[in-house]
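Participant: What shape does this take:
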Amino acid sequence: MTKKTPSFNSFSDFYVFYLREHRQPACRGMHYIGCTCVIGLIITSCLMQSASTLIFIPITGYGFAWFGHVIFEKNTPATFKYPLYSFIADWVMYYQWLCRK
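Facilitator: You can find the predicted model right below:
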């Protein structure tokens, strides 16, 4: 029996689902590490005036996040079914973590 893919009418609806898929603190931590590395790569690229550094952004950002899902959550990342909402949710969750929400 296959699991039905939920549909969402808004980002707010999706974000509730997204947070349920990130219950393990270690998984969220891997997302935070990935987001921090992405910011570091963007800053490095600007300082070095080198666009070639930007190629590592998706590898680093998604690499840490997907590792967290495989090892800690034992689920499939939402990125595969909801790429845009998932990308936005990553940064909302990161912002909320930085603001201690």
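
Participant: Please count neighbours and contacts with C-alpha atoms only from this point.
Facilitator: Noted.

Participant: buried ones in the longest helix anywhere in the chain?
Facilitator: Counting by DSSP state H, the longest helix found in the chain is helix 25-48. By neighbour count on 16 or more other CA atoms under 10 Å, the buried set for helix 25-48 is 27-35, 37-38, 41-42.

Participant: Throw those residues into CSV and include distance to residue 8 and pLDDT, thanks.
Facilitator: Shown next, in CSV, are these (distance: CA to CA, whole Å; pLDDT from 0 to 100):
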residue, distance to residue 8, pLDDT
27, 23, 97
28, 22, 97
29, 26, 97
30, 25, 98
31, 23, 98
32, 25, 98
33, 28, 98
34, 26, 97
35, 25, 98
37, 30, 97
38, 28, 97
41, 32, 96
42, 31, 96
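
Participant: end to end, how far does stretch 74-94 reach?
Facilitator: Terminal residues of stretch 74-94 lie 21 Å apart, using CA to CA, to the nearest Å.

Participant: Show me the shaky parts of this structure.
Facilitator: Applying pLDDT under 70 to the chain picks out residues 1-5.
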